[in-house]
Structures are given as C-alpha cells and as structure tokens.
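Trainee: Prediction below, plus the sequence it came from.
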Amino acid sequence: MLNERNKLEEELRFLKESLDIGVITQEEFDIGRKRIDKKLQILQKKDTREKELQESSPEITPEDSITFIPDAEVETKQEPSAEEVDRYDEESVDAQETIPEAIQKQEIKRKRKLILKPALKKESLKENEENPKVKFRDEKPYSYLEEKETLAEGPKKVPKKENHIPIEIEAKEAEKQEEDSLGSPWIIGLVLVLLFGFLGIFFFMNSDRTQEVNAKPPIACTSDLDCVKEGMLGECSNPGLSSSSCSFVSDTEIMLTVITPPACSSCDGDRVVAIMKKFFPALIIEEVPYDSIAGKELMSEFSIRVLPAFIFNESIAAARNFGQLQSSFIMNGGNYILKKNVANSNFHSDRPERLGRMDIFLMNRQPVSIIATENLKEFQDAFLDVNVAFHTENDGLTKELGINTFPTILINNRMEVDGVQSADSLREYYCSMNDDDACAETLRKGLVTTGN
C-alpha cells in the first residue's frame with residue numbers, strides 16, 4: 001500500500017510522462033506540479049514536527065530499572081538455653097570420671113567456647129553510651145580454677161536471662177543501620193529520577209493521543225491516480241478533502257498488439273504500456289516480435305517502419321478516457337496506432353545495419369545542438385574507431401527519416417536517441433549495439449556546457 005508521499009511522487013511522475021508524450025500541456029503540468037509540491041511541503045513539515053517530538057522524549061534504558069535486593073540475612077548466634085547449659089555441665093562432670101585430667105581440661109575448654117556469654121542488659125548499654133568502644137563482659141577474668149571448682153560443686157542451674165543481645169550481633173546491626181542511612185539518599189534520588197521519567201513518558205503518550213484525536217480525518221484520495229483497482233477505472237470524489245472517496249467503474253475491453261524490436265535501449269516500450277494501462281485499465285496485451293511471421297504481416301498491413309509499434313483495435317474509441325488521448329493516435333483501417341513520438345518508436349527496422357556508425361542531427365546556431373557537440377568530444381576521444389557524421393535540419397537523410405527533434409543521434413543506421421546526452425550515456429547506447437574495448441571505460445556522467 002503506497003503512503004501519501006509515495007502517491008504524490010507517483011502522481012508527479014505520471015504527469016511528467018503525460019507531458020512527455022503530449023497528453024497534457026505545459027500549463028496543465030505546471031498547475032499539477034504546484035499542487036503536488038504544496039502537499040509534499042505539508043507532509044515534510046508534519047514529518048519534521050513528529051521527529052522533533054520523538055527526539056525530545058526521554059529514553060528509558062535498562063540501567064534505569066530497579067532491582068530490589070532483599071536484606072541480607074544476619075547470621076546470629078542464639079543465646080543458649082538453660083537446658084543446653086545443664087546438659088553441658090552434666091557432660092563435663094561425667095568427663096571427670098572417665099577421662100584423664102589433661103584430656104578433661106581440653107574438652108572443657110572446647111565446649112566452653114561453644115557457649116556465647118550474653119551482654120549486659122539494655123540498661124547497662126544506656127549507661128555506657130558515652131564510651132561505645134567498651135565491650136561489656138564479666139569484670140573477673142576467666143579462670144580455670146573457678147571452672148574446676150564449679151565442676152566439683154556439681155551442675156548448677158543457669159537462670160534464663162531475657163533481653164540479652166550478643167555483642168557480635170549488636171555490632172553487625174549497628175553497621176547495617178549505618179550503611180542503610182548512607183544509601184538512603186541515593187535510593188531516594190534514583191526513585192525520583194525514575195518517577196519523573198515515567199511521568200514524562202505518560203504525558204508524552206497522552207499528548208500523542210491528543211494529537212491523534214485532534215488530527216484531521218484521513219484523506220482517501222487526492223486524485224484519480226490514488227483510486228486503483230485491477231481492470232477498473234478509479235474516480236476520486238472531493239480530492240484532497242476528508243470527505244474524499246474512491247469509486248470504480250468498468251471500462252471497455254481493448255485489444256493492444258505490440259510489435260517489439262530487437263534490443264533497443266532507447267525505446268522503453270514497457271514504460272509506454274504502463275502509461276496506457278493507467279488510461280485504459282481493461283487492456284488485453286499481446287506482444288509480437290518484429291521478425292516473426294505475424295510481425296512481418298502486421299508491419300506490411302499497416303506500413304510500419306519504426307518500432308515498437310502499438311496497435312489498438314476499434315473498441316478503444318468507446319473507452320472512457322479516449323478523448324484525452326485521441327490526438328496521440330493515427331487511425332488506420334479501423335485500428336488506432338500510437339504516433340511515433342508518443343510511442344518512443346526509435347528503431348528503424350527497414351534500414352540496413354552499419355556497425356560502428358553514428359549520425360548526429362543538429363540545428364544550425366541552436367544552443368542545445370552546440371552543447372551536444374561539446375559532450376560528444378569526450379566520447380570521440382575514447383572511441384577512436386567510431387565513424388561519426390553530422391547532418392543539419394535541411395539534410396536529405398534528416399528529411400528521409402522524418403527527424404524534427406534536435407539534437408538526434410542515429411546509431412548503426414537503425415536506433416535513434418533524442419536530446420542532449422552525456423559522454424557516458426553515449427557510451428552506453430553505442431555499446432548496447434557494438435563491441436569495442438573502450439566500452440569498459442566510464443566517461444563523464446554529467447553534461448558539459450559550452451566552453452567547459
């Protein structure tokens with residue numbers, strides 16, 4: 001599906017082709033081109049506005065996303081229960097009776113280390129806030145003699161103390177609180193950045209929706225060329241307005257016979273067929289080679305000397321658009337043949353081929369003819385074996401060929417090329433019909449003006 005810009009460009013190309021084949025006048029072409037240029041400018045402004053909106057919108061990158069990491073689990077050593085202490089004391093007493101004294105001492109020390117001494121109560125912590133480096137432990141240092149006396153006295157019940165927090169756990173929690181307090185501003189800042197970003201996207205999307213709501217309704221067509229349906233004629237009502245619409249009608253079925261030449265790079269018969277199908281969508285096309293039996297019979301019947309030839313049957317006169325192109329046809333035996341200049345009939349099938357020859361047809365003191373000779377110089381310098389001959393508007397060969405467009409070039413006495421050509425274009429046309437070592441070279445592609 002073509003967008004609106006492509007449709008306008010296609011319409012402009014069609015107008016240019018219609019001007020080239022004489023279907024419309026220069027004035028009609030200028031009016032159509034101004035209308036299309038104005039629409040293209042509107043589309044350009046619209047595209048520029050949309051691009052600016054896209055560039056001004058914030059971009060959300062993967063780095064902006066938040067990964068929530070759960071607080072690390074704090075490994076704490078729980079305070080031993082009274083039962084665990086009793087069990088430890090009982091095991092220690094039993095050890096005195098069963099193992100030697102040295103081993104007993106080591107075993108008591110090992111098991112003693114497994115029990116974490118509790119810290120002082122919270123009241124004691126408050127009293128010592130002024131000296132945070134003090135570690136609260138028992139005033140008396142640990143003594144093995146006391147341990148021995150304790151074991152000798154037998155197991156003691158250790159009362160369960162509440163609200164005692166191991167020193168290691170308290171220190172870790174203090175460090176964690178300090179880290180959390182330091183990281184909080186960064187987290188808050190990141191959250192604010194993301195919040196503003198999301199708000200910007202929200203308002204931007206809402207503005208787009210508002211623009212869509214306020215946008216004008218779509219335009220169905222701006223000309224008949226926008227209304228396309230296979231085998232039918234399209235008509236655009238109210239072109240360029242929101243109320244525009246396409247309607248389609250059947251057209252008269254027409255037989256078109258195309259007599260095709262051999263390789264002819266300047267003929268471009270496919271382009272002519274494409275233009276004819278836009279005016280007559282119900283065309284039934286048959287191609288006939290010029291050197292076939294049918295091709296020779298048709299050329300003899302209609303006295304055709306230049307190719308390609310486009311022969312329409314009599315039903316074209318009943319076609320809806322025939323009136324627009326009627327002046328482009330020559331009536332012959334009830335059929336309609338497209339004129340030579342409209343059909344790009346540039347191949348002279350009845351002339352003998354002369355390899356390596358180039359005839360140049362110029363008009364005296366015509367500026368474009370002078371420019372044509374300037375562009376020919378580089379070609380002649382590269383292709384030294386080409387036989388070049390010049391002819392004026394009153395030359396016998398000019399009249400024989402019916403040439404009325406200047407400058408015109410005839411290659412190998414058979415293929416015409418109209419208009420001023422660059423040196424490289426001349427190389428391409430010449431090499432399409434001749435073999436030459438210079439064909440591998442690339443010449444100037446742009447046109448040369450006088451004196452350059």
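Mentor: Thanks, I have it. Numbering: from 1, shown residues only.

Trainee: quick one, what contacts Tyr430?
Mentor: For Tyr430, the contacting residues are 358, 379, 383, 386, 411, 436, 439, by Cβ atoms under 8 Å, 6 or more residues apart in numbering. C-beta here means a position set from N, CA and C on the backbone, and glycine is covered the same way.

Trainee: Actually, Ser245.
Mentor: Applying Cβ under 8 Å, 6+ apart, the residues contacting Ser245 are 220-221, 236-238.

Trainee: Of the contacts of Tyr430, which is the nearest to Ala423?
Mentor: The shortest gap between Ala423 and any of the contacts of Tyr430 belongs to Phe379, at 4.7 Å (Cβ to Cβ).

Trainee: where does the closest one fall, helix, sheet strand or coil?
Mentor: The local conformation at Phe379, judged by DSSP: H, G, I helix; E, B strand; the rest coil, is helix.

Trainee: burial count for it?
Mentor: Phe379 has 23 neighbouring residues, counting by other Cβ atoms under 10 Å.

Trainee: try the one 5 residues further on
Mentor: Neighbouring residues of Leu384 were enumerated by other Cβ under 10 Å; the total is 8.

Trainee: same check, this time on Ile219
Mentor: As a burial measure, Ile219 scores 18 neighbours (other Cβ under 10 Å).

Trainee: And Ser369, how far from Glu378?
Mentor: Between Ser369 and Glu378 the distance, using Cβ to Cβ, to the nearest Å, works out to 17 Å.

Trainee: Could you give the bridge partners of Met331?
Mentor: Partner residues in beta bridges with Met331: Tyr336, with DSSP bridges as the criterion.

Trainee: what's the spacing between it and Asn394?
Mentor: For Met331, the distance to Asn394 - Cβ to Cβ - is 31 Å.

Trainee: So the protein: which segments form each domain?
Mentor: 1-47, 82-165, 251-347, 351-440 (automatic domain parsing).

Trainee: Serialize the ones you listed to a markdown table and add fields for distance to Gly231.
Mentor: Conversion of those to a markdown table gives the following (distance: least, Cβ to Cβ, whole Å):
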| stretch | distance to Gly231 |
| --- | --- |
| domain 1-47 | 19 |
| domain 82-165 | 92 |
| domain 251-347 | 5 |
| domain 351-440 | 34 |
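
Trainee: which stretches of this structure form helices?
Mentor: Taking DSSP state H as the criterion, the chain contains helices spanning 4-20, 26-56, 82-98, 101-113, 122-127, 144-153, 167-214, 269-279, 293-301, 322-325, 340-343, 367-382, 396-401, 423-431.

Trainee: follow-up on the earlier one: same drill for Ser369 and Glu378, tell me which one is more crowded.
Mentor: Legend: neighbour count by other Cβ under 10 Å for Ser369 and Glu378, higher for Ser369 (20 against 17).

Trainee: check contacts around the residue nearest to the more buried one when sequence neighbours are not counted.
Mentor: Leaving aside its sequence neighbours, Ser369 sits nearest to Leu362 (Cβ to Cβ, 6 or more residues apart in numbering; 3.9 Å). When the contact criterion is Cβ under 8 Å, 6+ apart, the partners of Leu362 are 369, 372-373, 390-393, 406-407.

Trainee: Report the two of those separated the most.
Mentor: Within these, two members stand farthest from each other by Cβ to Cβ: Thr373 and Glu393, at 14.9 Å.

Trainee: related to what we said a few turns ago, for the buried ones among the contacts of Leu362, write the corresponding PyMOL selection.
Mentor: To isolate in PyMOL the members of these that are buried, counting by 16 or more other Cβ atoms under 10 Å, one can use:
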select buried, resi 369+372+391+406+407
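
Trainee: just the contacts of Leu362 now: which is nearest Ser422?
Mentor: Distances from the contacts of Leu362 to Ser422 were compared by Cβ to Cβ; the smallest belongs to Ala372, at 10.3 Å.

Trainee: Does the closest one touch Ser422 like I think?
Mentor: No: counting by Cβ atoms under 8 Å, Ala372 does not reach Ser422; the two are 10.3 Å apart.

Trainee: follow-up on the earlier one: need the contacts of Leu362 in a markdown table (columns: distance to Ile259 and pLDDT).
Mentor: Listed next are those as a markdown table, based on distance: Cβ to Cβ, whole Å; pLDDT from 0 to 100:
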| residue | distance to Ile259 | pLDDT |
| --- | --- | --- |
| Ser369 | 32 | 92 |
| Ala372 | 30 | 93 |
| Thr373 | 34 | 93 |
| Phe390 | 31 | 96 |
| His391 | 28 | 96 |
| Thr392 | 32 | 94 |
| Glu393 | 29 | 93 |
| Phe406 | 27 | 94 |
| Pro407 | 27 | 95 |
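
Trainee: would you turn the contacts of Leu362 into CSV with distance to Ser432?
Mentor: Converted to CSV, the contacts of Leu362 look like this (distance: Cβ to Cβ, whole Å):
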residue, distance to Ser432
Ser369, 24
Ala372, 19
Thr373, 22
Phe390, 22
His391, 22
Thr392, 27
Glu393, 27
Phe406, 22
Pro407, 19
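
Trainee: just the contacts of Leu362 now: which is nearest Leu53?
Mentor: Relative to Leu53, the closest of these is Ala372; by Cβ to Cβ it sits at 50.9 Å.

Trainee: can you tell me which residues contact the closest residue to that closest one other than its chain neighbours?
Mentor: In space, Ala372 comes closest to Pro407 once its chain neighbours are excluded; the distance is 4.0 Å by Cβ to Cβ, 6+ apart. The contact partners of Pro407, taken as Cβ under 8 Å, 6+ apart, are 360-363, 368-369, 372, 418-420.

Trainee: go on, Cys227?
Mentor: Under the criterion of Cβ under 8 Å, 6+ apart, the contact partners of Cys227 comprise 221, 234-236, 246-248.

Trainee: Look up the closest residue to it, ignoring the ones flanking it.
Mentor: In this structure, Cys227 finds its nearest non-sequential neighbour in Gly234, 2.6 Å apart by Cβ to Cβ, 6+ apart.

Trainee: How much space separates Ser315 from Phe322?
Mentor: With the distance defined as Cβ to Cβ, Ser315 ends up 10 Å from Phe322.

Trainee: between these two, which one's more packed in?
Mentor: Neighbours per residue, other Cβ under 10 Å: of Ser315 and Phe322, the larger number sits with Phe322, 18 against 15.

Trainee: Was I right to think the more buried one contacts Ile316?
Mentor: Yes: judged on Cβ under 8 Å, Phe322 makes contact with Ile316 at a distance of 5.7 Å.
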